[in-house]
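[1] What follows is a predicted protein model with its sequence.
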Amino acid sequence: MQNIIYWNPNLTIDALEKQAIQLAMTYFGGNKSAASRSLGISPRSLSDKLQQYDKEALALDEARKKDAEQREILLRRSRGEKIPEESPAIESAELEVKTPLEDLPPVLPEPARKIQIDIAKASPPKTVAHPGVRQAR
């Protein structure tokens, strides 16, 4: 993985956060305390987010596996093969078949931008005074 975060107008802040966390974990070789310090979050928050990402990945794998099994059963039915009784019953209307192009996000009016962040050189954000607020001396 490169030290690059990819952004486009359809990208959510959660997806950006996930990319930043993954980059920090890679950069610091899995050291959670160093990664959390560089991201400005607590080690506990980082651990919670990593656990959440693991759960999401497992759920996605399970959904893909179930989808592949359903597609296999529908394919075998379309060929006229008999399906064993232990296979789950699937109605053809249950499965939404998409062409590969339908799985892609909509065409964007502008190309995605590549943002490169050097984590080692990153500095904390500067404090900016708001209009009408007096600064302490």
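    It's in.

[2] Nearest spatial neighbour of Gln19, chain-adjacent residues omitted?
    Ile5 (4.9 Å; C-beta to C-beta, 6 or more residues apart in numbering). C-beta here means a position set from N, CA and C on the backbone, and glycine is covered the same way.

[3] What residues sit buried inside the one helix or strand the one you found maps to?
    Using DSSP states H and E, Ile5 sits in strand 4-7. Neighbour counts using 16 or more other C-beta atoms under 10 Å place Ile5 of strand 4-7 among the buried residues.

[4] Would you check how far apart Asn3 and Gln51 are?
    Per C-beta to C-beta, to the nearest Å, Asn3 is found 24 Å from Gln51.

[5] Identify each buried residue in the host helix or strand of Arg44, please.
    Arg44 is part of helix 43-78, with elements assigned from DSSP H and E. Using 16+ other C-beta under 10 Å as the burial criterion, the residues of helix 43-78 that qualify are 46, 49-50, 70, 73-74.

[6] Return the member of these nearest to Ser36.
    Checking the buried residues of helix 43-78 against Ser36 with C-beta to C-beta, the nearest one is Leu46 at 4.1 Å.

[7] Could you pull up the residues touching that closest one?
    When contacts are counted by C-beta atoms under 8 Å, 6 or more residues apart in numbering, Leu46 touches 21, 32, 35-36, 39.

[8] So which of those are in helices?
    In helices, defined here by DSSP state H, the members of the contacts of Leu46 are 21, 32, 35-36, 39.

[9] Looking at those, spot the one nearest Pro9.
    Ile21 (21.7 Å).

[10] how about the nearest residue to that closest one, chain neighbours excluded?
    Closest residue in space to Ile21, ignoring its immediate chain neighbours: Lys49 at 5.9 Å, by C-beta to C-beta, 6+ apart.
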